[in-house]
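# Quick one, fold the following:
(one chain, ligands or ions: 2)
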Amino acid sequence: MKKAQKIILQVLAALAVIILIISISLHKKETSYTQEELLMDTYIKITAYGTDQKVLEEAVTKAFLSIKELEKITNRYYAPGTDEYQNSDICQLNEKAGLEEVKVSADTYEIIKKALYFGELSQGSFNIAIGPVMDLWGFGGNNKKVPEDGLLEEALKLTNLKDIALNEEQKSVFLTKPGMKLDLGGVAKGYGAAKAAEILKTEGIEKALIDAGGNIVVIGEKEPGQSWKIAIQDPSDLKKYFGILKLTDQAAVTSGDYQRYFESEGIRYHHIIDPATGKPGNKGSSVTVVAEDSAIADILSTTLFVLGKEKAVELAAKLNMDGSFGNIEFVFIEKDGSYYVSQGLESKFTLEGNR
Ligand code: AMP
Ligand code: MG
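Ligands and ions are numbered 1, 2, ... in the order given. The predicted structure follows:
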């Protein structure tokens, strides 16, 4: 055999081996890895799909680590005197209210900045300074009770968003009035889920489902050409689904009057406060917001819930006109069970059959 022929044969053989390796790797069976943990006062479950268990496990573990870090800096309920209290940006900010500014981590700063943006846009319906009011209702503790109107009035004086001063250069925040308290409960889970999604993607994950207590993020498609199916709970019967949303590479976050509540003298009081009254918002039963970024979806689910359907439609239209946050869509379920689906979701929403 001539030398040239020999080389050609060798090259062909090498190519055949490469093609074989590629086709084997392409046909590697899909597997998944799931982890579930109680964090941020809720169950967080992440499932990542791929072909390499080790890669999946590492990616999901990293995603959880970032949520844990976020909880450490944003939780406001650590006991004074503990290391956790010392290390929590929000505990420190609340302690130093009216006294001095506090330098916070980049994540805390970003959350506060985003929250204030939407606070202003919604004329205070989204209000992270709602802490003193939440505390009067006892949400976050074991002593939930209906507060007196006079006390609510006093607490509401400490919820003015203009009394939060940001220092962009220093990345510091100052709550200018003593007694002010930040509460990031309306945004932290969504921000955490968004961070977790970013980490999974950086780790090469192309298909995953994150469920952070009703804050859903889907990465990629469920199957080629097939969206994920995400159920919206029926606020009037939690064992049932109200409808199904088909989503790809999106976040869906629900705020509802059934998620955290207590009953007193036959009346149900839930945890989403209308900052105009200091009392639970009463303009709807649940709102599910679909957006690209789950932090935005989380902020907006709370905001649109407080605003009520009419104003929610107006705000979403304004945001979509501007376009800075991608497409914002939502499903609004009224207290009587009637519902509204925004235009962009019409083809992606199916009402549960038996309704
Ligand atoms: P979500 O479940 O995302 O709607 O957020 C509700 C949580 O956000 C509550 O448990 C409080 O911690 C906080 N919160 C309550 N009312 C408001 C409000 N009007 N704006 C911002 N955060 C709020
Ligand atoms: Mg929210």
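
# what does the stretch 251-355 of the chain have sitting close to ligand 2?
With Cβ under 5 Å from the ion as the criterion, the stretch 251-355 of the chain meets ligand 2 at residues 298, 301-302. In short, each C-beta sits where N, CA and C put it, glycine included.

# Just name the closest of the residues you listed to residue 338, please.
Top of the list for closeness to residue 338, among those and by Cβ to Cβ, is residue 301 at 18.7 Å.

# tally of neighbours for the closest one?
The burial count assigned to residue 301 is 30, neighbours taken as other Cβ atoms under 10 Å.

# Quick check: buried residues in whichever strand or helix holds it?
Using DSSP states H and E, residue 301 maps to helix 294-307. By neighbour count on 16 or more other Cβ atoms under 10 Å, the buried set for helix 294-307 is 294-307.

# quick one: the residue in the stretch 151-300 of the chain that ligand 1 sits nearest to and residue 130, what's the gap?
Residue nearest to ligand 1 within the stretch 151-300 of the chain: residue 185 (2.2 Å; Cβ to the nearest ligand atom). Here residue 185 is placed at a distance of 9 Å from residue 130 (Cβ to Cβ, to the nearest Å).

# Now do the domain split for this protein, please.
31-69+186-351, 80-175 (automatic domain parsing).

# just to revisit the earlier point, which is the next helix or strand following the helix holding residue 301?
helix 309-322.

# And that next one, what does it pack against?
helix 106-121, helix 294-307, strand 329-333 (3 or more Cβ pairs under 8 Å, 6 or more residues apart in numbering; DSSP states H and E).

# With distance to ligand 1 and mean pLDDT added, can I get these in CSV?
Compiled in CSV, the helices and strands packed on helix 309-322 are given as follows (distance: least, Cβ to the nearest ligand atom, whole Å; pLDDT from 0 to 100):
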stretch, distance to ligand 1, mean pLDDT
helix 106-121, 7, 98
helix 294-307, 4, 98
strand 329-333, 13, 98
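
# Kindly present the ones you listed as CSV, with separate columns for distance to residue 177.
Shown next, in CSV, are these (distance: least, Cβ to Cβ, whole Å):
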stretch, distance to residue 177
helix 106-121, 16
helix 294-307, 23
strand 329-333, 34
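
# who in the stretch 51-200 of the chain is up against ligand 2?
Selection of the stretch 51-200 of the chain residues close to ligand 2 by Cβ under 5 Å from the ion yields residue 186.

# how about the strands in the stretch 51-200 of the chain?
With strands called from DSSP state E, counting those that start in this stretch, the stretch 51-200 of the chain shows them at 102-103, 164-167, 172-175.

# in its sheet, what does the last one sit against?
Each strand that strand 172-175 pairs with, and the sense of that pairing, follows from DSSP bridges: strand 102-103 (antiparallel), strand 164-167 (antiparallel).

# residues in contact with the closest residue to residue 221 other than its chain neighbours?
Leaving aside its sequence neighbours, residue 221 sits nearest to residue 248 (Cβ to Cβ, 6 or more residues apart in numbering; 5.2 Å). For residue 248, the contact set (Cβ atoms under 8 Å, 6 or more residues apart in numbering) comprises 218, 220-221, 227-228.

# Contacts for stretch 168-179 next, please.
So stretch 168-179 is contacted by 93-94, 96-106, 108-109, 112, 129, 132, 158, 160, 163-167, 181-182 (Cβ under 8 Å, 6+ apart).

# change it to 7 Å
Around stretch 168-179, the neighbours that count as contacts under Cβ atoms under 7 Å, 6 or more residues apart in numbering are 93, 97-98, 101-104, 106, 109, 112, 132, 158, 163-166, 182.

# now do stretch 87-95
For stretch 87-95, the external contacting residues (Cβ under 7 Å, 6+ apart) are 72-76, 78, 85, 102, 104-105, 108, 131, 173, 175, 181-182, 184.

# Could you do stretch 197-215 as well?
Outside stretch 197-215, the residues that touch it by Cβ under 7 Å, 6+ apart are 42-50, 55, 58-59, 62-63, 66, 189-190, 192-193, 196, 216-220, 228, 253-254, 259, 294, 298.

# Could you give me the ChimeraX selection string for whichever of those residues are buried?
Selecting the buried subset of those in ChimeraX, with 16+ other Cβ under 10 Å as the burial test, is done by:
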select :42,44,46,47,48,49,50,59,63,189,190,192,193,196,216,217,218,219,220,228,253,254,259,294,298
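
# Which of the contacts of stretch 197-215 fall within helices?
Using DSSP state H, 55, 58-59, 62-63, 66, 189-190, 192-193, 196, 294, 298 are the members of the contacts of stretch 197-215 that sit in helices.

# Closest one to ligand 2 out of those, please.
Using Cβ to the ion, the shortest approach to ligand 2 within these belongs to residue 298, at 3.9 Å.
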